[in-house]
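>>> could you look at this predicted model? Sequence included:
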Amino acid sequence: LRAAIVVDRLGLEPPAGAHRWSDAVSGDTPPSPVAVPFDHPLWVLFSSGTTGRPKGIVHGHGGVVLEHLKEVALHADLDAGDHFLWYTSPSWMMWNYQVAGLLVGATIVTYDGSPSWPAPDALWALAARTQVAMLGTSPAYLLACEKAAVHPAADHDLSALRLLGITGSVLPATSFRWAERELGEAVTIGSISGGTDVVSAFAGSAPGIPTRPGELAVPHLGVALDAWDPAGRPVRGEVGELVVTEPMPSMPVAFWDDPDGSRYREAYFAMYPGVWRHGDWITITEGGSVVIHGRSDSTLNRNGVRMGSAEIYQAVEALPEVVESLVVGVEQPDGGYWMPLFVVLAPGAELDDDLRARIRQAVRDRASPRHVPDDVIAVRAIPHTRTGKKLEV
């Protein structure tokens, strides 16, 4: 595709077997389907880079089509005639997820620009203008809207909206309740958790299944999701490693530039041989819902107690003076453990003793005393990957 576009722009003749992009979209050259094996490479997606060098992940045609049909048709309940908008960029797997709406005949709405410009409610205005049935965004956008006193349904015609999809980070319970109040009972708040590794979701919402603040309603269809302790035993009601014990259709067929498959096996199967370990801490409740705590390789481990950073962010970023925050755990040479919290302040705010005390108290009250940081440090910005994820590692 990129080669065809370049050929068009440079005015060169396309190589044998290729077509000009302008011809391909003109309708004069109908596509000719080609039969390929089920695991024939479809695309290479790169992991976000939050935990090291990005991986070039090769997915196959058949597995992705099956997985995405399940996601958009059964979990999102999209159909021909629906409009589907997920605010994303082509460098994130949610772009591929959105394109899958075409598999059921849905119309895709794409947007180039900030979701908060020229006003904080720009994304809601676009959703109303295009009458989307499913809108996808992030916890950060919902929190920004709440802080800006945006009222989506009161100010815009969102009558077509049935599902608000959320991913990218853990959705705080407070943001869930805000969206629920603002959008009403007719809209499902569907937080999902997955990864570029499977270009899909492991858990999230499903039609007819209640969603609760701070939880993902169910493991998704065809996902043998479990939470395991370090010894490989299933656990319920407590934190464990996210594992998938049976193959999913869209698991990678290979890594790029990994001829013997060693990097692939090391990435997912080294800890539990034969079982996919994704690298997230989760809790599977007694009722079968799923709580996501964050990446296990960036999870805080203070005095032997594992904690997710998401709980701290939920507490701190609810304060009007804090725009964004990031916490890290630093193992020190003398055996100590230093856990600083970095905060980006709102314009006009100052990190004085009073604000530091309120930040610590918020963490103590809304997370736990163990989550209280050792230091609170003001910074100008928080580092992110190109897909907007905080760089904790």
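Yep, that arrived.
>>> so where is this structure shaky, pLDDT-wise?
For the chain, the stretches flagged by pLDDT under 70 are 1-19, 29, 48-52, 296-299, 301, 303-306, 386-388.
>>> in it, which residue is closest to the centre?
Gly168 (2.7 Å; Cα atoms, centre = their mean).
>>> that residue and Trp92, how far apart?
Distance, Gly168 to Trp92, using Cβ to Cβ, to the nearest Å: 8 Å. From N, CA and C alone the C-beta is placed, and that goes for glycine too.
>>> likewise Gln361?
Gln361 is 36 Å from Trp92, by Cβ to Cβ.
>>> one more: Glu266?
24 Å.
>>> quick revisit: compare Gln361 and Trp92 (neighbour count), which wins?
Ranked by neighbour count (other Cβ atoms under 10 Å), Gln361 and Trp92 place Trp92 first, with 22 against 12.
>>> measure that one to Glu392 for me?
For Trp92 relative to Glu392 (Cβ to Cβ), the value is 18 Å.
>>> check Asp157 too.
Distance, Asp157 to Glu392, by Cβ to Cβ: 39 Å.
>>> neighbour-wise, which of these two wins?
Shown here are Asp157 and Glu392; by other Cβ under 10 Å, Glu392 has more neighbours (19 against 13).
>>> surely the residue nearest to the centre of the chain touches Tyr141?
No. Counting by Cβ atoms under 8 Å, Gly168 sits too far from Tyr141 to count as a contact (9.1 Å).
>>> what about stretch 64-83, distance to the chain center?
18 Å (Cα atoms, centre = their mean, to the nearest Å).
>>> ignore the last one, stretch 219-226
On Cα atoms, centre = their mean, the centre of stretch 219-226 falls 17 Å from that of its chain.
>>> going forward, begin numbering at 147 instead of 1
Done: numbering now begins at 147, and the last item shifts to stretch 365-372.
>>> setting aside sequence neighbours, what's the nearest residue to Cys291?
Closest residue to Cys291 apart from its sequence neighbours, by Cβ to Cβ, 6 or more residues apart in numbering: Pro266 at 6.0 Å.
>>> now that neighbour: which helix or strand?
Secondary structure assignment for Pro266, by DSSP states H and E: no helix or strand.
>>> how close does it sit to Ala300?
In terms of Cβ to Cβ, Pro266 sits 14 Å off from Ala300.
>>> between those two, who's got more neighbours?
Pro266 (18 against 8).
>>> mind listing what the more buried one touches?
290-291, 294, 296 (Cβ atoms under 8 Å, 6 or more residues apart in numbering).
>>> I figured Gly425 hits His439, correct?
No. At 11.7 Å, Gly425 does not count as touching His439 under the criterion of Cβ under 8 Å.
>>> the stretch 397-539 of the chain: helices as residue ranges?
408-414, 455-462, 499-512 (DSSP state H, counting those that start in this stretch).
>>> hmm, who's touching the second one?
If I follow you right, that is helix 455-462. Against helix 455-462 from outside (Cβ under 8 Å, 6+ apart): 315-316, 318-320, 438-440, 444-446, 468, 471-473, 487, 489, 505, 508-509, 511-514, 517, 519, 538.
>>> go again with 6 Å.
If you take Cβ atoms under 6 Å, 6 or more residues apart in numbering as the criterion, helix 455-462 is touched by 316, 318, 440, 468, 471, 473, 505, 508-509, 512-513, 517.
>>> now do the first one
Helix 408-414 has contacts (Cβ under 6 Å, 6+ apart) with 401, 404, 422.
>>> CA atoms only for it - export them in PDB, please.
What follows is helix 408-414, C-alpha atoms only, in PDB (Å, rounded to 0.1, in the frame of the first residue of the first chain):
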ATOM      1  CA  SER A 408      13.500 -17.800  20.600                       C
ATOM      2  CA  ARG A 409      12.500 -14.200  21.300                       C
ATOM      3  CA  TYR A 410       8.800 -15.200  20.800                       C
ATOM      4  CA  ARG A 411       9.100 -18.100  23.300                       C
ATOM      5  CA  GLU A 412      11.000 -15.900  25.800                       C
ATOM      6  CA  ALA A 413       8.400 -13.100  25.600                       C
ATOM      7  CA  TYR A 414       5.400 -15.200  26.500                       C
END
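>>> next, the buried residues of it.
409-410, 413-414 (16 or more other Cβ atoms under 10 Å).
>>> pull the contacting residues for Thr276.
Thr276 neighbours (Cβ under 6 Å, 6+ apart): 229, 255.
>>> separation between it and Asp303?
11 Å.
>>> check Tyr233 too.
19 Å.
>>> quick check: the gap between Met397 and Ser339.
For Met397 relative to Ser339 (Cβ to Cβ), the value is 16 Å.
>>> oh sorry, the question was meant for Gly482
Distance from Gly482 to Ser339, by Cβ to Cβ: 33 Å.
>>> between the two, which one's more packed in?
Remark: of Gly482 and Ser339, Ser339 carries more neighbours, 24 against 9, as counted by other Cβ under 10 Å.
>>> look up the closest residue to the more buried one, ignoring the ones flanking it.
Ile438 (4.9 Å).
>>> show me where the stretch 147-296 of the chain has helices.
Along the stretch 147-296 of the chain, counting by DSSP H, counting those that start in this stretch, helices occupy 148-156, 167-170, 207-215, 239-245, 268-276, 285-293.
>>> can you put these in CSV and add distance to Gly368?
Formatted as CSV, these follow (distance: least, Cβ to Cβ, whole Å):
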stretch, distance to Gly368
helix 148-156, 32
helix 167-170, 34
helix 207-215, 8
helix 239-245, 16
helix 268-276, 29
helix 285-293, 26
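>>> right, and these - which one's nearest Asp499?
helix 285-293 (23.6 Å; Cβ to Cβ).
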